[in-house]
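Novice: need a 3D model of the sequence below.
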Amino acid sequence: MIVIDTSALIAILNHEPERAAFYEAIAAADRCLVSAITYQEAGHVLIARRGVNGLYDLEDFLALINAEIVPHDLHLAALALEAFRRYGKASTPMRVSTFAIAQRKRSPRPWMRPCCSRAMISRTPT
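Specialist: Below you'll find the model as predicted:
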């Protein structure tokens, strides 16, 4: 199982150089989770950059990988606030929501690929 961050989705959909690493991680996963907040943020970015077609690309990609959109509830909000308290103001609400899902699903902390300084994907141990 992996939890996909906004930056990873944007990298894939914008054909950025690190997208191959993300494709590999996603293809190897048995489940792909995306926070509802991550979905919203990625949608905002893609609509701003490419109009409604950017949103269609996001929705098509999420359907292709059979992503499960995880609702943001009170428990996730509390986990996200704790992540923000611990890791500081550099963490965005979207990033800490990804962290919260990883914690709830007992996945290791979101990690950064060495080749991908901005984006995170979290996955469960194999």
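Novice: need the contact list for residue 14.
Specialist: Residues counted as contacts of residue 14 (CB atoms under 8 Å, 6 or more residues apart in numbering) are residue 49. For the C-beta atoms, the positions are set from N, CA and C on the backbone; glycine is no exception.
Novice: can you pull the pLDDT of it?
Specialist: You'll see residue 14 listed with a pLDDT of 94.
Novice: can you check residue 94 too?
Specialist: Looking at residue 94, its pLDDT is 59.
Novice: same check, this time on residue 77
Specialist: Residue 77 carries a pLDDT value of 78.
Novice: which stretch of helix or strand covers it?
Specialist: According to DSSP states H and E, residue 77 maps onto helix 74-87.
Novice: and if you look at residue 25?
Specialist: In this structure, residue 25 sits in helix 19-28 according to DSSP H and E.
Novice: okay, now the unreliable bits of the chain?
Specialist: 88-100, 102-126 (pLDDT under 70).
Novice: what segments of it are helices?
Specialist: 6-13, 19-28, 36-50, 52-64, 74-87, 93-104 (DSSP state H).
Novice: make CSV from the ones you listed and add mean neighbour count to it.
Specialist: Written out in CSV, the entries for the helices of the chain read as follows (neighbours: other CB atoms under 10 Å):
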stretch, mean neighbour count
helix 6-13, 24
helix 19-28, 15
helix 36-50, 18
helix 52-64, 14
helix 74-87, 15
helix 93-104, 24
